[in-house]
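J.: how does the following fold in three dimensions:
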Amino acid sequence: MPNPKHKTSKTRRDKRRTHIKLSAPTTVLCPQCHEAKLPHRVCLSCGTYKRRQVIEVKEG
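T.: Predicted structure coming up:
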């Protein structure tokens, strides 16, 4: 098996890894309660999806 002849520098290693990063999830405002939620999912604060009550949310 071939082995590297020289040590890979930190700069070269980090330049190769520049695209490996996390991105923040996209959020939208719920039309009912105006809380931030993930798109195309039930709002966890009021329990609605497409302006219909889907789940019961416990108070507290």
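
J.: quick one, helices of the chain?
T.: 10-16 (DSSP state H).

J.: grab the most central residue of it for me.
T.: Pro25 (2.8 Å; CA atoms, centre = their mean).

J.: that one: what's its closest spatial neighbour, skipping adjacent residues?
T.: Distances taken as CB to CB, 6 or more residues apart in numbering place Leu38 nearest to Pro25, at 6.4 Å, with adjacent residues excluded. Backbone N, C-alpha and C define where each C-beta goes, glycine included.

J.: show me where this structure has its strands.
T.: For the chain, the strands defined by DSSP state E occupy 28-29, 36-37, 48-49, 52-53.

J.: partners of the first one, with directions?
T.: So the one you mean is strand 28-29. In the sheet, strand 28-29 lines up against strand 36-37 (antiparallel) (DSSP bridges).

J.: what do you get for the last one?
T.: Using DSSP bridges, the strands paired with strand 52-53 are strand 48-49 (antiparallel).

J.: please compute how far the partner strand lies from its chain's middle.
T.: Here strand 48-49 is found 20 Å from its chain centre; the criterion is CA atoms, centre = their mean, to the nearest Å.

J.: average pLDDT for it?
T.: Mean per-residue pLDDT for strand 48-49: 95.

J.: give me the contacts around it.
T.: Identification of contacts with strand 48-49 by CB atoms under 8 Å, 6 or more residues apart in numbering yields 30-33, 41-43, 54.

J.: which of these are buried, as a ChimeraX select command?
T.: Only the buried entries of the contacts of strand 48-49 go into this ChimeraX selection, using 16 or more other CB atoms under 10 Å:
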select :30,42,43
